[in-house]
Every structure is written in structure tokens, then in C-alpha cells.
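Visitor: Next come a sequence and a model predicted from it.
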Amino acid sequence: MKQTLLQLNDISFAYEQRKALDHISLQVNEGDFLALLGPNGSGKSTLLKIILGLLKPTSGEVVLFDEPAKQFKHREWIGYVSQKSNAFNSGFPATVFEVVRSGLTKKVGLFKRLPKNVHTLVDEALEAVGMLAFKSRSIGALSGGQQQRVFIARALISEPKMLVLDEPTVGIDHENVQAFYDLLAHLNQQRGITMLLVTHDVDVVSSHITHVACLNQTIHFHGYKNEFDEMSQEARDVWYGHAVRKIH
Amino acid sequence: MIEAIFQYEFLQNAFLSGMIIGVIAPLLGVFIVVRRLSLIADALSHVTLAGIAGSLYLSQTFSALALLNPIYLGIVASVTGSLFIERLRRVYKHYEELAIPIIMSGGIGISAIFISLAQGFSADLMSYLFGSVSAVARSDLFVVIVIAIVVIVFLRIFYKELFVLSFDEEYSRASGLPSKAVHIAFMLVTALVIAASMRIVGILLVSSLMTLPVAAAMRVATSFKQTIIYAIIFGEMAVMIGLVSAFFLDLAPGGTIVVTAILILLLVIWLKKLLPQRLGAEA
């Protein structure tokens, strides 16, 4: 039996009066590659913040690695890769090495020094994302796609069991997007890292993904990828369409 | 000059304090600048003034307090101010910068009241505003040393957490790091450095010693570590050149230090333009 890494039980959330999430239940098991899809304004970011512990749900419960989120102490098991555009200020004076090394902070713990083999660990993490050659470059000087790879390396260095990615390909040019997803698939299949990919882009649903969840305030679909492929156009319109119309 | 330093205690106090401040102000300043908190440092320094003015008034009015070193009330004011800023930033979540003018005007307002109560500007107060070569007491030097130890120990212990927090605050919180506690400790340490630095550069110019050397360092450094090293070198140069010229020209050291820091900054920008391929080539 595979371990359940993330379990959302009946999560609701409201900003003041506006309901953002309505009775969401969701499950991610070890080894899954789940795409959490939803149009803009569907509550994806809110749900992600709840999963990461940045927001408290109005009602419902988050369970991480079989423990209630409040008691869960191993946040380093969950690697977070945020949306490129709002992640950091690009003028930040740091090298790729310094950024990747900082991924060890939580794992090493307060009041403790970084391990002596930190260079080897950084090298391995950068090697895994194909960015070793950029180790001493300034982070701000890299392209969007390269920066995202570095941020994956920053997550990998603490040996996470699950990666949570928030719209990771926004601002990356089209050619590099495919290579980026290939990298995620490789990490998922070869290293067994569970993936939770949050995006508005339905086109990402490729062969790499094992599960899909469709969100728009509520969960409209949650199941295997091949089931999603068979989802009717009507059901898709109900899920994606009205929100799109609302925006325009 | 060298002989004078050995001869006069006040010069020893000024130069030793200056050397220490030249290290700790830019060191902490690197984190302040990358976290975009420069204006908060400025606001805190004005709150410190309220403590100094209050202390000067008290020692004028109550003879029992005549010997009270104003630096203590200055520290109290600046630490209190830093906690207030955090409180205000949480009250006005969407207008965080609003905390700055509130605290700043509050600080200047209270200072103005104490200054008028103490019947206007004294020479003593002027030395707090713009720094002084001659007014640094041995007890000031001891306070500076203690604060420097606190700052260096703090940064040594929390360097990795502070780096993550500075680089990406959301990531820091999502990683389960004690971001809030580290941030509040950081603000308290900032308040201490401001109080320590004011004797030499003066309250009105404290924040410049935390930002100008960092601004210059960021032009040439390729890594965070380098930024820290360059900032300290530039900061130390500014303090030393500034103090020496203040001594010989009989000027307020705050002015000479800041002008030197600006000249260093301009020189660095100019050199970088001139030799782009040499300086920061890897960037």
C-alpha cells in the first residue's frame, strides 16, 4: 500500500465574504504526478497556500504524511517551487551555489552548521537539473527557465519526497517548457519524487502525468489521467468555461 | 595623528568605535538593503533621536540623572520603535510602508517636544545629530563593543535562515522556517546597530552607513558573500577617511563619512562603466 503524502479533507476557505474554496477533498499518494488544473481565479493559489501552511483553511483539515498539518514537523520533505515572476527580486546578489545551498536550511535545522560536504550536495542537485555549469553564476543573470531549474535543485538538495510546483513554466519560452516537464517526469519516474503541479495550462496534461484534479472553487474532477482524457466537453465547459466568461 | 590617538582617550574612543561600526553597519546593511528595509532603518534612527532628546531633557531637569548616558534611552526608543513598526505593518497589511511615515513623524515629533522642553539645541544634541569625534565616551565605546558582539553572534547563528528569508520570504515560510521570529530578532538587532552607530555618524545619517557601502558593493560583487565583504571594506574606508578628515578639518564626522561613502559609490559606478569586462565579469 502506497503512503498518502497529502490528504485534504473537506477544505473550505473564504476571503472575508468571498468564497474561494468549497468543500475540497483531494489525495496525493507516493509516486503520483498530479496536475491540479484550474482557470485563473479558481482558487488554485489559495489551495496551494493552504497545503504549504501559509493560509489556514476556514474549515476542513490538511493531513501531511499521515499527520495533521499542525503537528507535521518535516516541511523539508515537501519541496516548493514557486511561480518564477514573484519568487524573488532578480537583482539579488547571490550565486547559483548560494541559492541551492540555502535549500538545506530547514533540513539542517536551527543553530546547526551546514554539513562539510555541502559543495558535493550542491553539485549533485545541480547535476540532476543539468545546471552544474552555472554553479558560480549570478542567479539574476540566468534566463527564466534556468532559474526554475536552479529552484528545483534548491528543493532537491534537501531530498524531498514531494515537489509542489506553482505555475512553474509561466514566463518560460515555449521550447524550454517541454524540456522542463521532461525533467519533472524524470525526477518522478527515476527518483520516485511525488509531484503536485499547479497550473492553469490544460496542455500540460501529457503522458508524464498520472493524475489530474480539476479545480474551480470545487473539485470538478479528480482521477487518473486517462479518465480525464475521456472527460466530456460539457463537463469541461462547466469546469473551465464559466470562470473564463466571468473574467471577460 | 597616530601620536594623538595614543595620547588622547577621546580619539581612541572615536576611532575604535568607528572601526567597529564600519564593520557592523554595512554587514547588517546588506540584509537590510536586499530585504528592501532601508527606509525602516531611517525611520528607526529618528525614533532613536526621541530617546536621546528625552534623555538629555531628563538629565537637564533631574540632577540625579545628570550623568545618564543618552545612548541607553536611545536604545530603548529604537527597540520599541522596531516593535511598533512590526505591529503597524501587520495592521496595515496592504500598505506596509505606511508604518514608516507614522513611526518617523512620531519619532521627530517626540524629539521636537523634548528639544523645546530642554530649551533648544545644545552642542550635545548636535553631536548626536551629526556625529562627533570628540564626544565619544569610554562608556559609549563599551556599548558599541557589546552591540557588535550581539550582532556578529546573531548573524553567525542565523545566517542561513536570514539568507532564505531575504531571498524569498514566501519560500521561507513555506519551508517551515521560523520566519517571523527571525525577522523580529533581525529588527531588534537593527535597532541596536542604529543606536551604536549614531555616536559617530549621527542619528540623521546612520542609515546611510547601512545602505551606501552596500549600494557600492552590489555593483561589483558576484555573490552574496562578496557583497558582504565589499560592503564592509567600503564602509570601513568611509568611516576611516571620514573620521580623519573630520578631525583635521574640524567638521562633523557624520558629514565627512557620508560624503566619502557617496564618493566611493560614484567611483565604483564609474570604474564599473570604465572596465565592465574586468569588474563583475562573471555577473
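Guide: That came through, no problem.
Visitor: quick one: the residue in chain B that chain A sits nearest to from A:K161, how far?
Guide: Here the residue of chain B nearest chain A is B:G176; by CB to the nearest CB that distance is 2.8 Å. For every residue, glycine as well, the C-beta is placed using N, CA and C. Distance, B:G176 to A:K161, using CB to CB, to the nearest Å: 14 Å.
Visitor: Same check on B:R138?
Guide: From B:R138 over to A:K161 the distance is 58 Å, taken as CB to CB.
Visitor: of those two, who's got more company?
Guide: Using other CB atoms under 10 Å in any protein chain shown as the criterion, B:R138 and A:K161 rank with A:K161 on top: 18 against 11.
Visitor: Just confirm that one contacts A:G31, I think it does.
Guide: No - between A:K161 and A:G31 there is no contact under CB atoms under 8 Å: 9.9 Å.
Visitor: So B:V133: helix, strand or coil?
Guide: Here B:V133 is recorded as coil under DSSP: H, G, I helix; E, B strand; the rest coil.
Visitor: Run through chain A and note the low-pLDDT ranges.
Guide: Low-confidence segments of chain A, defined by pLDDT under 70: A:84-88, A:207, A:241-248.
Visitor: all helices of it, in order?
Guide: Assigned by DSSP state H, chain A shows helices spanning A:44-52, A:96-101, A:105-108, A:118-128, A:144-156, A:174-190, A:225-229, A:233-236, A:242-247.
Visitor: Ok, which of these comes nearest B:L267?
Guide: helix A:96-101 (26.8 Å; CB to CB).
Visitor: need the contact list for A:H119.
Guide: Neighbouring residues of A:H119 by CB atoms under 8 Å, 6 or more residues apart in numbering or on different chains: A:F97.
Visitor: ok, now how distant is it from A:E98?
Guide: Per CB to CB, A:H119 is found 12 Å from A:E98.
Visitor: Check the contact between B:L209 and B:A238; I expect there is one.
Guide: Yes - counting by CB under 8 Å, B:L209 touches B:A238, with 7.2 Å between them.
Visitor: Find the residues that touch each one of those two.
Guide: Common neighbours of B:L209 and B:A238 (CB under 8 Å, 6+ apart) are B:G22, B:I257, B:V258, B:A261.
Visitor: Please spell out the ChimeraX selection for the buried subset of the residues you listed.
Guide: Selection of buried members from the shared contacts of B:L209 and B:A238 for ChimeraX, criterion 16 or more other CB atoms under 10 Å in any protein chain shown:
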select /B:22,257,258,261
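Visitor: what's the farthest-apart pair in the shared contacts of B:L209 and B:A238?
Guide: B:G22 and B:V258 (12.8 Å).
Visitor: and for the two, which residues touch both?
Guide: Residues touching both B:G22 and B:V258 (CB under 8 Å, 6+ apart): B:L209, B:A238.
Visitor: Around chain B, which positions in chain A sit nearby?
Guide: Taking CB under 8 Å from any CB of the partner chain as the measure of proximity, chain A contacts chain B at A:52-54, A:73, A:75-76, A:80, A:82, A:86-89, A:91-95, A:97-99, A:102, A:104-106, A:108, A:110-111, A:114, A:136-138, A:140-141.
Visitor: which among those residues end up buried?
Guide: By neighbour count, with 16+ other CB under 10 Å, the residues of chain A next to chain B hold A:52-53, A:75-76, A:80, A:82, A:87-88, A:92-95, A:97-99, A:102, A:104-106, A:137-138 as buried.
Visitor: Just the ones in strands from these, please.
Guide: A:Y80 (DSSP state E).
Visitor: Tell me who's in contact with the residue of chain A found nearest chain B.
Guide: Distance from chain B to each residue of chain A (CB to the nearest CB) is smallest for A:R75, at 2.8 Å. Taking CB under 8 Å, 6+ apart, we find A:R75 in contact with A:G53, A:K106, B:A174, B:S175, B:G176.
Visitor: What is the most widely separated pair among those residues?
Guide: Pairwise distances across these peak at 12.3 Å for A:G53 and A:K106 (criterion: CB to CB).
Visitor: Show me what the helix ranked longest in chain B is packed against.
Guide: Among the segments of chain B that qualify as a helix by DSSP H, the longest is helix B:138-167. Applying 3 or more CB pairs under 8 Å, 6 or more residues apart in numbering or on different chains; DSSP states H and E, we find helix B:138-167 packed against helix A:105-108, helix B:9-34, helix B:70-91, helix B:169-174, helix B:179-201.
Visitor: Indicate which one of those helices is closest to B:E161.
Guide: B:E161 lies closest, by CB to CB, to one member of the helices and strands packed on helix B:138-167: helix B:179-201, at 4.9 Å.
Visitor: do the following helix or strand past the closest one and chain A meet at all?
Guide: Counting by DSSP states H and E, the next helix or strand C-terminal to helix B:179-201 is helix B:206-220. Yes - Helix B:206-220 lies within reach of chain A by CB under 8 Å from any CB, at B:A217, B:M218.
Visitor: ok, the nearest residue to B:D140 once chain neighbours are set aside - contacts?
Guide: Closest residue to B:D140 apart from its sequence neighbours, by CB to CB, 6 or more residues apart in numbering or on different chains: B:R199 at 5.0 Å. By CB under 8 Å, 6+ apart, B:R199 lies in contact with B:S17, B:I71, B:Y128, B:G131, B:S132, B:A135, B:V136, B:D140, B:V144.
Visitor: In TSV: those, plus pLDDT and neighbour count.
Guide: Below are the contacts of B:R199 laid out as TSV (pLDDT from 0 to 100; neighbours: other CB atoms under 10 Å in any protein chain shown):
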residue	pLDDT	neighbour count
B:S17	95	25
B:I71	89	24
B:Y128	89	25
B:G131	90	33
B:S132	88	22
B:A135	86	17
B:V136	90	25
B:D140	91	20
B:V144	95	26
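Visitor: Please name whichever of the helices and strands packed on helix B:138-167 is nearest to A:R191.
Guide: Among the helices and strands packed on helix B:138-167, helix A:105-108 comes nearest to A:R191, with 16.6 Å by CB to CB.
Visitor: and the closest one, what other elements does it pack with?
Guide: Under the contact criterion of 3+ CB pairs under 8 Å, 6+ apart, helix A:105-108 touches helix B:138-167.
Visitor: Off-centre distance for the helix it packs on?
Guide: 12 Å (CA atoms, centre = their mean, to the nearest Å).
Visitor: and that helix, which residues are buried?
Guide: Buried residues in helix B:138-167 (16+ other CB under 10 Å): B:140-141, B:143-144, B:147-148, B:150-151, B:154-155, B:158-167.
Visitor: Near chain A, which residues of chain B are found?
Guide: B:34, B:36, B:157, B:160-161, B:163-164, B:166-168, B:170-171, B:173-178, B:217-218, B:221-227, B:282-283.
Visitor: ok, 7 Å please
Guide: B:34, B:157, B:160-161, B:163-164, B:167-168, B:170-171, B:173-177, B:218, B:221-224, B:227, B:282-283 (CB under 7 Å from any CB of the partner chain).
Visitor: Now a ChimeraX select for only the buried ones of these.
Guide: Buried residues within these, by 16+ other CB under 10 Å, are selected in ChimeraX with:
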select /B:34,160,161,163,164,167,168,170,171,173,174,175,176,177,218,221,222,223,224,227,283
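Visitor: how near is A:E76 to B:A174?
Guide: A:E76 sits 11 Å away from B:A174, taking CB to CB as the criterion.
Visitor: Ok, B:L212 next?
Guide: To B:A174, B:L212 is 34 Å away according to CB to CB.
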